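return atomic coordinates for the entry below.
(one chain, ligands or ions: 1)
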Amino acid sequence: MRSKQALDTLKDLFERNLTWANGIKQEDPDFFSNLSQQQAPEYLWIGCSDSRVPANQIVNLPPGDIFVHRNIANVVVHSDLNCLSVIQYAVEVLKVKHIIVCGHYGCGGIKAALENSENGLIDNWLGHIKDVRRFNAKAFEGLDEKQSLDRLCELNVIEQVRNVCNTTIVQKAWKNGVKLNVHSWVYSIKNGILKDLAGSIGSKEEFNKRIAEDYR
Ligand code: CO
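Numbers count the residues shown, from 1 in each chain. From the prediction side, this is the model:
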């Protein structure tokens, strides 16, 4: 039986950490010393905070390979300095080649936005998702509750990709001929499988043609 102090200080997590770090060092003794010199990730992941959707694990990549931003329901708000700073640093300093917006089916944030229940402060955040529902009202005609939830999870990803593409950061990168692709993915927590919703968007022309208006 563990002592109360061990439980309070999360000793088991430190033990798990040692096991993990030692395992990696056994496979590659230089892993951490190499990684400590610099990070050079090729991907920026914008995903949901949900504990079941951990970026690195889903695509089976080690530390150092993905720059990550997560919030409830993977929302990219035009004026969110946190998210915009992450995108700017990823694009202009780390020079990532891909930005992935990854939503997931069964998202609690999306469900709450659909249900229109009262949840306090978070309802202000969920307002962005209610907007997506309103912008796409036609796409929900004739759908039952489960289908509506799946559909909004997908349409929310598309809307947030639209917002990523419309940032001054991505627009400037494309204008300067930087190779930068934006992806819209959705993940199934039921089977662990990813799905690409709208292909990769790599230029302003592609964005205007494929996603700016039409994906509805
Ligand atoms: Co979620």
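
excluding chain neighbours, what is closest to the residue most central in space within the chain?
When the chain is reduced to its mean C-alpha position, the nearest residue by Cα atoms, centre = their mean turns out to be residue 47, at 1.7 Å. Distances taken as Cβ to Cβ, 6 or more residues apart in numbering place residue 102 nearest to residue 47, at 4.5 Å, with adjacent residues excluded. Every C-beta, even on glycine, is put in place using the N, C-alpha and C of the backbone.

flag the shaky bits of the protein, pLDDT-wise.
For the chain, the stretches with pLDDT under 70 are 1-2, 212-216.

domains in it, by residue range?
1-37, 39-214 (automatic domain parsing).

minimum distance to the ion: which of these has it?
Comparing these against the ion with Cβ to the ion, the closest turns out to be domain 39-214 (3.2 Å).

and the closest one, how far out from the chain's middle?
5 Å (Cα atoms, centre = their mean, to the nearest Å).

about what we covered before: three-state assignment of the residue nearest to residue 47?
Put simply, residue 102 is strand when judged by DSSP: H, G, I helix; E, B strand; the rest coil.

quick revisit: any idea which of the domains of the chain is most buried?
Across the domains of the chain, the average number of neighbours (mean count of other Cβ atoms under 10 Å) peaks for domain 39-214, which reaches a mean of 17.

now check it, is it near the ion?
Yes - contact between domain 39-214 and the ion, assessed by Cβ under 5 Å from the ion, occurs at 48, 50, 107.

in this protein, which spans are helices?
With helices called from DSSP state H, the chain shows them at 4-8, 11-27, 31-37, 55-58, 81-88, 108-115, 122-135, 145-166, 168-175, 204-210.

for residue 65, find the nearest of the ones you listed.
Residue 65 lies closest to helix 55-58 among the helices of the chain, at 7.1 Å (Cβ to Cβ).

pretty sure residue 195 contacts residue 157?
No - using Cβ atoms under 8 Å as the test, residue 195 is too far from residue 157 to be in contact (10.0 Å).

mutual contacts of the two, please.
By Cβ atoms under 8 Å, 6 or more residues apart in numbering, residue 195 and residue 157 have these common neighbours: 185, 186.

nice, that's everything, thank you.
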